[in-house]
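K.L.:
structure for the following, please:
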Amino acid sequence: MVRRGHYRPRLSYPNAIKVNLVLIFAFFFLVFIFYTRQWHLIDDEQNFSENDHQTDQHKASIMQMPDEELWDSPLSHGLRPCVKPTSKYKAATEQDHYMTVRSNGGLNQMRTGIADMVAVAHIMNATLVIPQLDKRSFWHDSSTFSDIFDEVHFIETLREDVKIVKELPQELAKVPRARKHFTSWASTSYYEDMTQLWNEYQVIHVAKSDSRLANNDLPLDIQRLRCRALYHALRFSPPIESFGKKLVERLRARGGKYIALHLRYEKDMLSFTGCSYGLTDEESEELRIMRENTNHWKVKKINSTEQRQGGLCPLTPKEIGMFLRALGYPPSSLIYIAAGEIYGGSTRLMELTSRFPNIVFKETLATQEELKAFTNHASQTAALDYVISVESDVFVPSYSGNMARAVEGQRRFLGHRKTITPDRKGLVEVFDMLENGKQTEGSWLSHIIQTMHKNRKGAPRRRRGPLPEMKGRARLRTEESFYENPYPECICAPKKYF
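P.N.:
Got it, this is the predicted structure:
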């Protein structure tokens, strides 16, 4: 007999499945609601951090890197400097042909140009008169050769390569000279042909010294002579060398390791490149007028937007700050600014110091009395920046100018010290996404920028040749500068070092 009070009808098999599915669906729906709420909270935090870059949430989101990743030089694989001549090299001989030179440009344009002229004098079998330095450049520096360089050391170091004298002999002071604008990126055969000038002239005057030799396809001994001239012979004058090393010691005493930042955000560079991103209308007009009134700057009308999108503009202080933080450098990092006066002054520099407050200049490392000797001598103060930059743990240029290339080349020559060259074109795309609100600073930015610069830290590599689409002599302009990367001619494996 069935007891009615305990009777429970059993669900059919299909109905049981339906109930279970409903329960499962309800469970996952609740989970979905919970995580959706969490995602909204995360989004709110990200939006908040976009408005306040100094919040703890934002700082925690930066991808931190081990110290060795931040500061150590890349592996050099045993490569060493090699500048000694080969057994086929012909030493300097006595001759009565003289070459006078007017070096043009800023400090490093003149330095590399003088190294070229040493090689040209050797090829043409000429006595080189100590070059005259440019006093008509943007800085109007009155410094002479001996003010900036150790003249005696220069002459003695190269005595086996080319005869060098301080002045043209008096009896030749008024003789007619062949005044030449030697062609840019010329080969040794070009200068061998130029020796025909000695049939009519005893003195050749070279009006410009920069980029007078090709970057590639020159005899090995000529390339090594250029390195001997730049890295050994063209030593800075004793006052500059001594004071530069003293400033390096003071930097080391402050923090041990330091970044040398060549912040090329200066009035002349912004005017020359036509880059006005982030500037006021008044500032942009000031730069346009300056460009218009500078006669030797040939390009007057420049599209600032196109320049920036092409990666042809110096990074701004704000962009450099975001760049270094994304690479993993902590706000406490010691940064030396190797530059002149920043355009926009402290207001614009604040965009960098808000992220890296531990920033120093020459003026904060030295007393006014110590700097007095260098006042109004831009090439001498640039030489101090050069010494400090070469000796830094990390060198970062905001623009690929003459100093940036020269410092990178010497750091490669000295053992591939870490040099981080920003991919400006790629960075502009990333920074524009930030500005348009499509992304925020944090782990995403760190990942993108660290990946982008994985192979841009100064590791050994061969010098790059011309762009493949370029034809004729125009392709020579697109080659990587010899002085930016003297590998392989002046940097060898141990077995080739002699």
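K.L.:
average pLDDT for stretch 143-160?
P.N.:
Per-residue pLDDT values over stretch 143-160 give a mean of 97.
K.L.:
can you give me the buried ones in it?
P.N.:
143, 145, 147-151, 153-155, 157-158 (16 or more other CB atoms under 10 Å). For the C-beta atoms, the positions are set from N, CA and C on the backbone; glycine is no exception.
K.L.:
swap in stretch 314-321?
P.N.:
314-321.
K.L.:
quick one: residue 100 is in a strand?
P.N.:
Yes: using DSSP: H, G, I helix; E, B strand; the rest coil, the assignment for residue 100 is a strand.
K.L.:
and residue 45, what pLDDT?
P.N.:
So, for residue 45, pLDDT stands at 35.
K.L.:
show me the shaky parts of this protein.
P.N.:
1-64, 139, 495-498 (pLDDT under 70).
K.L.:
the closest residue to residue 358 other than its chain neighbours: how many residues sit nearby?
P.N.:
In space, and not counting its chain neighbours, residue 358 is closest to residue 334: 5.1 Å by CB to CB, 6 or more residues apart in numbering. As a burial measure, residue 334 scores 18 neighbours (other CB atoms under 10 Å).
K.L.:
ok, residue 334 - contacts?
P.N.:
By CB atoms under 8 Å, 6 or more residues apart in numbering, the contact list for residue 334 reads 251, 254-259, 358, 360.
K.L.:
could you report the neighbour count for residue 235?
P.N.:
Residue 235, neighbours per other CB under 10 Å, totals 15.
K.L.:
out of the buried residues of stretch 314-321, who's nearest residue 270?
P.N.:
residue 314 (7.1 Å; CB to CB).
K.L.:
surely the closest one is in contact with residue 404?
P.N.:
No: look at residue 314 against residue 404 with CB atoms under 8 Å: they stay out of range, at 10.0 Å.
K.L.:
so where do the strands sit in the stretch 201-350 of the chain?
P.N.:
For the stretch 201-350 of the chain, the strands defined by DSSP state E, counting those that start in this stretch occupy 203-206, 259-262, 335-337.
K.L.:
residue 282: which of the ones you listed is closest?
P.N.:
strand 335-337 (24.7 Å).
K.L.:
which stretches in the stretch 351-498 of the chain count as helices?
P.N.:
Along the stretch 351-498 of the chain, the stretches classed as helices by DSSP state H, counting those that start in this stretch are 362-365, 368-371, 378-390, 402-413, 424-435, 443-452, 474-477.
K.L.:
next, the angle from the fifth one to helix 443-452.
P.N.:
Think helix 424-435. Here the directions of helix 424-435 and helix 443-452 differ by 170 degrees (axes from the mean of the first three to the mean of the last three CA atoms, to 10 degrees).
K.L.:
now swap in the longest one and tell me
P.N.:
Using the same axes, to 10 degrees, the interaxial angle of helix 378-390 with respect to helix 443-452 works out to 100 degrees.
K.L.:
quick one: distance of helix 378-390 to the chain centre.
P.N.:
Mean-position distance between helix 378-390 and its chain equals 14 Å (CA atoms, centre = their mean, to the nearest Å).
K.L.:
ok, back up a step: in a markdown table: the strands of the stretch 201-350 of the chain, plus distance to residue 415.
P.N.:
As requested, these are exported to a markdown table (distance: least, CB to CB, whole Å):
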| stretch | distance to residue 415 |
| --- | --- |
| strand 203-206 | 34 |
| strand 259-262 | 16 |
| strand 335-337 | 20 |
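K.L.:
can I get these in JSON lines with mean neighbour count and distance to residue 423?
P.N.:
Output for the strands of the stretch 201-350 of the chain, formatted as JSON lines (neighbours: other CB atoms under 10 Å; distance: least, CB to CB, whole Å):
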{"stretch": "strand 203-206", "mean neighbour count": "22", "distance to residue 423": "36"}
{"stretch": "strand 259-262", "mean neighbour count": "25", "distance to residue 423": "16"}
{"stretch": "strand 335-337", "mean neighbour count": "25", "distance to residue 423": "20"}
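K.L.:
can you list the domains in the chain?
P.N.:
What automatic domain parsing lists as the domains of the chain is 68-76+237-265+314-496, 98-233.
K.L.:
those helices in the stretch 101-250 of the chain, which residues are they?
P.N.:
Going by DSSP H, counting those that start in this stretch, the stretch 101-250 of the chain shows helices at 107-123, 145-148, 151-157, 188-194, 220-227, 238-255.
K.L.:
list the contacts of the spatially closest residue to residue 225 that is not a sequence neighbour.
P.N.:
Nearest non-adjacent residue to residue 225, counting by CB to CB, 6+ apart: residue 119, 5.1 Å away. Counting by CB under 8 Å, 6+ apart, residue 119 touches 213, 222, 225-226, 229.
K.L.:
from residue 183, how far off is residue 119?
P.N.:
Residue 119 sits at a distance of 15 Å from residue 183 (criterion: CB to CB, to the nearest Å).
K.L.:
ok, which of the helices of the stretch 351-498 of the chain comes nearest residue 240?
P.N.:
helix 378-390 (4.8 Å).
K.L.:
show me the contact partners of that closest one.
P.N.:
Contacts of helix 378-390 (CB under 8 Å, 6+ apart): 106-108, 110, 133, 139, 141, 143, 147-148, 236, 240-241, 243-245, 247-248, 251, 260, 262, 336, 338-340, 362, 374, 395, 403, 406-407, 410-411, 414, 417.
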